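**Student:** after the sequence you'll find the predicted model.
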Amino acid sequence: ITETPWWKTAVVYQIYPRSFADSNGDGIGDLPGIIDRLDHLAGLGVDVLWLSPVYPSPQDDNGYDISDYQDIDPVFGTLADFDRLLAAVHERGMKLVMDLVVNHTSDEHPWFLESRSGRDNPKRDWYWWRAEPNNWGSFFSGSAWELDQASGEHYLHLFSRKQPDLNWENPEVRQAVYAMMRWWLDRGVDGFRMDVINAISKAPGLPDGEVRNGSRYGDGSPHYLCGPRIHEFLQEMHREVFAGRPERILTIGEMPGVTVDQAKRFTDPERREVDMVFQFEHVGLDRGEGRFDVRPLQLTDLKASLGAWQDGLNSTGWNSLYWNNHDQPRIVSRFGDDRSEHRVRSATMLATVLHLHRGTPFIYQGEELGMTNAPFEKLDDFRDIESLNHYAEAVAAGADPEQVLSALRVAGRDNARTPMQWDAGPNAGFTNGLSWLPVNPDHVEINAAAAVADPDSVYHHYRRLIDLRHTEPVVAHGDFTMLMPDDEQVYAFTRRYRATELLVLGNFSGSPASVPVPAGWEGAETVIANVSGTGPLPSTLTLAPWEARVHRRT
Ligand code: TEU
Ligand code: CA
């Protein structure tokens, strides 16, 4: 008998510190601001907080470009503030997970400054230098290579030119990273969310990628995602950092492009690599070839995708479950309906369906309020480097600027990054100063104060879902069976653990949906629902627009 690790019954809440709570009026969220708001999170009932990066950084990619791994950026506070935050989190019975960004550093990190200082510098080989670049494109538009004038060589950057990729082939790099991780664990942190960790092993020789659809650049991802030494590196990290620690540390690998079979290997506990991965399949279903090529979601595609992940990691491995993070548009505006007559019901339907899957749910700040995408008008309203670079490249290549802008409005990452909406007052209670990114004007209606006061709010629905996971074992431990895979309107599945079964139904549309009640379920009690007064399951059922309900039988 293997003991169940604590994170299998946990719910994680992601904080994007820049946009969470500003304590000193400079318009940027900070650690003291988080400390002041911890009771909101404890009240919600989440078990773990994941902090997006708070390390010293030039903030070219909002902290995902780190110039010192062992300190706190003054804009967010100090190490003493961090220690106070960690203690305050632990006092409330929660855990704290740090973001670990080690595929790349900032170009202002001392390691890179040394590496760049000359071809024979001892740290030259800590990064990828080449006389001739290959054809890879960057995630943030343009080439993945930047020429360094002084040495006449190019360095690799899969993201911005201020995010040079570390060379994990070099054992000194790996040992430096492991030492830094041990330092944070010794300080008391409970885990790491590992940024693009499946990109750290590059194929030898860095072969050119395939060029498709008249693109200027090749797709290098087959040569750097889940590369030849990825499993070896993660196992080494486990031995060097996590093995033998008294506490059970949580590890989550962010892995663009990962398949079910690869994820099963990464999360097989016997292999000691990571506990779960963030996969991207379900958030790519409403996209075409490119990130900004938006198209409608087919519900049957979503069911096929999430269903395959449920089946694939059913006995070996473990799923993460998420709709939102700091890189994704708001789910209620994306798969739901954010107009006021449908917002609460569609947000709670989406929450119900996600949280009743098998896996560890992640909530992104503001999702528990049903926060929406922002009404960005012009290019100047956007801040994100990915959006700005994409616009420049697409327009230079002849795209219609208005069309590019409308894609940014739908898919841009700034949608997730508008400040947390605490109350209906000025700046939504986020700051007393000038917010780095304007608050969404809908905060007068959508805010934490109003949501906490209203028992039918999105917030209280999330609170009840979290509570259900903590108290009803079938939610965390049950197996999963998809129903009605070909239906374009209703998401339906059952869960089963020992003698208990749950039936979950969610109407993914703004029209009523009649549902054939499966055999033996008539009369089953309601566990949670988003329409008040929902009673036992009748023999013929028509779901209201965006209705969700969970029934139990034993
Ligand atoms: O994201 C990695 C990633 O592949 C995407 O989510 C990415 O943000 C986007 O889709 C690019 O097209 C991680 C972080 O979550 C993101 O915020 C960082 O910008 C990125 O790594 C680089 O550190
Ligand atoms: Ca501040």
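**Tutor:** Structure's in. What do you need? Residues are numbered from 1 along each chain as shown. Ligands and ions are numbered 1, 2, ... in the order given.
**Student:** what's the neighbour count on His355?
**Tutor:** Residues near His355, counting by other C-beta atoms under 10 Å, number 23. The C-beta positions use only the backbone N, C-alpha and C, and glycine is treated the same way.
**Student:** now swap in Trp145 and tell me
**Tutor:** When neighbours are counted by other C-beta under 10 Å, Trp145 comes out with 23.
**Student:** tell me what it is bridged to.
**Tutor:** Here Trp145 shows beta-bridge partners Leu156, assigned using DSSP bridges.
**Student:** ok now stretch 151-162, how far from the chain's centre?
**Tutor:** Stretch 151-162 has its C-alpha centroid displaced from the chain centroid by 26 Å (C-alpha atoms, centre = their mean, to the nearest Å).
**Student:** what average pLDDT does that stretch get?
**Tutor:** Averaged over stretch 151-162, pLDDT sits at 98.
**Student:** so which bits of that stretch are buried?
**Tutor:** 151, 153-162 (16 or more other C-beta atoms under 10 Å).
**Student:** which two in those residues are spaced the farthest apart?
**Tutor:** Ser151 and Phe159 (21.5 Å; C-beta to C-beta).
**Student:** the closest residue to ligand 1 within the chain - how many residues pack around it?
**Tutor:** Nearest residue of the chain to ligand 1: Tyr64, at 3.4 Å (C-beta to the nearest ligand atom). Using other C-beta under 10 Å, Tyr64 has 24 neighbouring residues.
**Student:** and if you look at Asn170?
**Tutor:** Here the number of neighbours of Asn170 (other C-beta under 10 Å) works out to 15.
**Student:** for it, give me its contacts.
**Tutor:** Going by C-beta atoms under 8 Å, 6 or more residues apart in numbering, Asn170 touches 125-126.
**Student:** need the per-residue pLDDT for it.
**Tutor:** Asn170 is given a pLDDT of 98.
**Student:** check Glu501 too.
**Tutor:** 98.
**Student:** ditto for Thr2
**Tutor:** Thr2 carries a pLDDT value of 59.
**Student:** now do the helices in the stretch 351-500 of the chain.
**Tutor:** 385-396, 401-411, 414-417, 448-453, 458-471, 473-477 (DSSP state H, counting those that start in this stretch).
**Student:** show me which residues of this protein are close to ligand 1?
**Tutor:** 61, 64, 101, 139, 159, 195-196, 254, 256, 291, 326-327, 386 (C-beta under 6 Å from any ligand atom).
**Student:** secondary structure added to those residues, as a markdown table?
**Tutor:** Shown next, in a markdown table, are the residues of the chain next to ligand 1 (DSSP: H, G, I helix; E, B strand; the rest coil):
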| residue | secondary structure |
| --- | --- |
| Asp61 | coil |
| Tyr64 | coil |
| Val101 | coil |
| Phe139 | coil |
| Phe159 | coil |
| Asp195 | coil |
| Val196 | coil |
| Glu254 | strand |
| Pro256 | coil |
| Arg291 | coil |
| His326 | coil |
| Asp327 | coil |
| Glu386 | helix |
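**Student:** okay, who's weakest in the residues you listed by pLDDT?
**Tutor:** Lowest pLDDT among the residues of the chain next to ligand 1: Arg291, 93.
**Student:** tell me how far that residue lies from ligand 2.
**Tutor:** 30 Å (C-beta to the ion, to the nearest Å).
**Student:** find the nearest non-adjacent residue to that residue, please.
**Tutor:** Spatial nearest neighbour of Arg291, excluding adjacent residues (C-beta to C-beta, 6 or more residues apart in numbering): Ala411 at 6.5 Å.
**Student:** nothing else from me, thank you.
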